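In: Structure, please.
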Amino acid sequence: MKKLLKGLGIGFLALALVVGVGAGSAGATTTFTANSISESGLLKLTGVGTGTTAALAGIGLNAATTSTIVLGGAAQTGEIDIGDSASTAITTVNIANATTGSAVTVANGVNTVAQTVSIANGASAANTTVNIMSGVGTAGAGVLAIGNNTRVTTIGLGNIAPTAARTTTIAGGTSAVVDTVNIGTGAATAAGGKTINIGTTDPTGSGTNLITIGTDGDFASTTTIQGGSGTAAIALTPQTTGTIVIGAAAGTGAITLGSTSGASQIVNIATGDGATPTVNISTGDGLGTINIGTGTTGLETIHIGDDASLVNVITIGGAASSLALADAEWSITSPGVATFVSSTATTFMAADAYRVTNGTTITATGALSKATLQAASYFLVDTTGATAVAVTLGSAGESFDAGDIGRTLMFGHGANTGALTVVANDTLTVATVAAAGAAVDLAGDWIECNILTATLVTCASFAQ
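Out: Model (predicted):
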């Protein structure tokens, strides 16, 4: 040990002789001992050299392989500066720039009072670039940890109003490997334990927020937005006059709203108590197809305006529309064509029991077949001069169907003055009931017949 101390003392002495040791104050005293140099005034070391090793540097401090070099005393309160703060030249300060692995620590002690570590934190008056672990690595793996301390309460990144346009990029490089960016992925154990805000401050003046998540490029990319089990777990809430657009204007992919499998789900659209909500579905000029309840396996119950307490106005189809309705009993497949599946409906409706269509004008005596009488309920009769016309109900051997019972047949006198009468065929019975007037022989007179049974018809005449 004595030899080591003696060697250090000789080394310091030689250093002082080589680089020059000068006292900065008049009358200062420099003392050399076996292992130290002490100065009662200012102590300056001055050397010449540009090497980056202790052997070639202008001033080099070198200790034995396992020794340490300490700048500053244990009780020192003054500053320790590396690089002259009064320098007017560009200075390069290198710390642990060797190619061997180094452990560099700054303010790494277990502090018992508050401490502040500042890097390039001055009020910059020119360009400033701070690089931390920004070299292009060729081997090994890097770990960059910032703020990974359980006592850190605030982490700021660019958290100041800039005076020039600014770009903040996180994991923005072109990646040929899986690049995962995690934000707030830790498990929260308190209500609101993870509160993540993105662009939530209202702009001022003419400012706007433009926030984009994901890309719309033609790639197999996916964007997933998940919510919990609470009310409004996922809320899209613009300002009251803002619009919400889901899907691209020229999109051809499917948009699914509420797709469940094996569960009951309620999908609400405009169900609030708004004054006059308007719901538009496929109102554009394209050739749209709207399907409601078209599933092939599930039993669908479809309600349209069936609130019994309200006078709802329901419009289906327009004047030029083709409307098709169908159920198990009846169907309308095209304009004017109705099909009835039920035997009851066929009997009472397909037989035209309630049809009021006008029949062909009658001009001469003759029989009207059952089919003709079932096709219409009103027949105009124009006589030839004063020639009488007798209308026979039914062709020979015909009687009415059950669906005809209750129908009313009307025969109106049109032109000329021939008398109009209604008689029965060989199967029917026509009972004449006097109503008003005499013979039905003037325009405006008519005969009204009610079908009481399949073979009994009662007719009343109304004449002037």
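
In: how much space between residue 115 and residue 311?
Out: Separation of residue 115 from residue 311 (CB to CB, to the nearest Å): 78 Å. Every residue, glycine included, has its C-beta placed from N, CA and C.

In: now do residue 141
Out: Per CB to CB, residue 141 is found 74 Å from residue 311.

In: For stretch 201-211, buried residues please.
Out: Using 16 or more other CB atoms under 10 Å as the test for burial, stretch 201-211 gives no buried residues.

In: Could you do stretch 37-48 as well?
Out: 37, 39, 43.

In: how about TSV for those, with distance to residue 403, secondary structure and pLDDT added?
Out: As requested, these are exported to TSV (distance: CB to CB, whole Å; DSSP: H, G, I helix; E, B strand; the rest coil; pLDDT from 0 to 100):
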residue	distance to residue 403	secondary structure	pLDDT
37	130	strand	80
39	130	strand	79
43	127	strand	77
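
In: Now do the helices in the protein.
Out: Counting by DSSP state H, the chain has helices at residues 2-15, 343-345, 370-375.

In: low-confidence ranges in the stretch 151-300 of the chain?
Out: 260 (pLDDT under 70).

In: mind checking how far residue 178 is from residue 171?
Out: From residue 178 over to residue 171 the distance is 11 Å, taken as CB to CB.

In: right, I mislabeled it, should have said residue 157
Out: Counting by CB to CB, the gap from residue 157 to residue 171 is 13 Å.

In: quick revisit: got TSV for the buried residues of stretch 37-48, with distance to residue 364 too?
Out: Shown next, in TSV, are the buried residues of stretch 37-48 (distance: CB to CB, whole Å):
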residue	distance to residue 364
37	149
39	149
43	146
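
In: ok, those residues vs residue 367, which is closest?
Out: residue 43 (143.6 Å; CB to CB).

In: partner residues bridging that closest one?
Out: Following DSSP bridges, residue 43 is listed with bridge partners residue 23.

In: Where among the helices of the chain is average confidence lowest?
Out: Here these differ in mean pLDDT, and the lowest is helix 2-15 at a mean of 43.

In: Residue 123: neighbour count?
Out: By other CB atoms under 10 Å, 4 other residues sit near residue 123.

In: again with the one 4 residues further on
Out: Under the neighbour criterion other CB under 10 Å, residue 127 is assigned a count of 5.

In: now swap in residue 307 and tell me
Out: 8.

In: Make 44 the starting number, not 1.
Out: Happy to do that; since the first residue is 44 now, the last one works out to residue 350.

In: Please read off the pLDDT at it from the model.
Out: Among the per-residue scores, residue 350 holds a pLDDT of 83.

In: any idea how far it is from residue 452?
Out: Residue 350 is 41 Å from residue 452, by CB to CB.

In: do residue 211 as well
Out: Distance, residue 211 to residue 452, using CB to CB: 89 Å.

In: more neighbours, those two?
Out: The neighbour comparison of residue 211 against residue 452 (other CB under 10 Å) goes to residue 452, with 22 against 8.

In: I figured that one hits residue 489, correct?
Out: No - counting by CB atoms under 8 Å, residue 452 does not reach residue 489; the two are 10.7 Å apart.

In: Contact partners for residue 81?
Out: Neighbouring residues of residue 81 by CB atoms under 8 Å, 6 or more residues apart in numbering: 73-74.

In: Distance of it relative to residue 296?
Out: 82 Å.

In: cool, and residue 462?
Out: The value you get for residue 462 to residue 296, if CB to CB is used, is 77 Å.

In: Neighbour count: those two, which is higher?
Out: A side-by-side neighbour count of residue 462 and residue 296, using other CB under 10 Å, places residue 462 first with 18 against 7.

In: Contact partners for the more buried one?
Out: Residues in contact with residue 462 (CB under 8 Å, 6+ apart) are 426, 431-432, 482-484.

In: Same question for residue 257.
Out: Going by CB under 8 Å, 6+ apart, residue 257 touches 264, 266.

In: at 10 Å what do you get?
Out: Remark: with contacts taken as CB atoms under 10 Å, 6 or more residues apart in numbering, residue 257 is in contact with 264-268.

In: residue contacts, the closest residue in space to residue 150 that isn't next to it in sequence?
Out: Distances taken as CB to CB, 6 or more residues apart in numbering put residue 160 closest to residue 150, at 4.7 Å, once the chain neighbours are dropped. With contacts defined as CB under 10 Å, 6+ apart, residue 160 is in contact with 149-151.

In: can you list the residues you listed in TSV and add neighbour count?
Out: TSV is the format used below for these (neighbours: other CB atoms under 10 Å):
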residue	neighbour count
149	7
150	8
151	9
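
In: Now pLDDT and distance to residue 131 too, for those, in JSON lines please.
Out: Formatted as JSON lines, these follow (pLDDT from 0 to 100; distance: CB to CB, whole Å):
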{"residue": "149", "pLDDT": "90", "distance to residue 131": "27"}
{"residue": "150", "pLDDT": "89", "distance to residue 131": "29"}
{"residue": "151", "pLDDT": "90", "distance to residue 131": "33"}
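
In: now, which of these sits nearest residue 230?
Out: The closest of the contacts of residue 160, once distances to residue 230 are taken by CB to CB, is residue 151, at 29.6 Å.

In: Which residues are in contact with residue 236?
Out: In this structure, residue 236 makes contact with 227, 229-230, judged by CB under 10 Å, 6+ apart.

In: residues touching the residue at minimal distance from the centre of the chain, list them.
Out: Central residue of the chain (CA atoms, centre = their mean): residue 289, 5.1 Å from the mean position. For residue 289, the contacting residues are 279, 298, 300, by CB under 10 Å, 6+ apart.

In: Okay then, goodbye and thanks.
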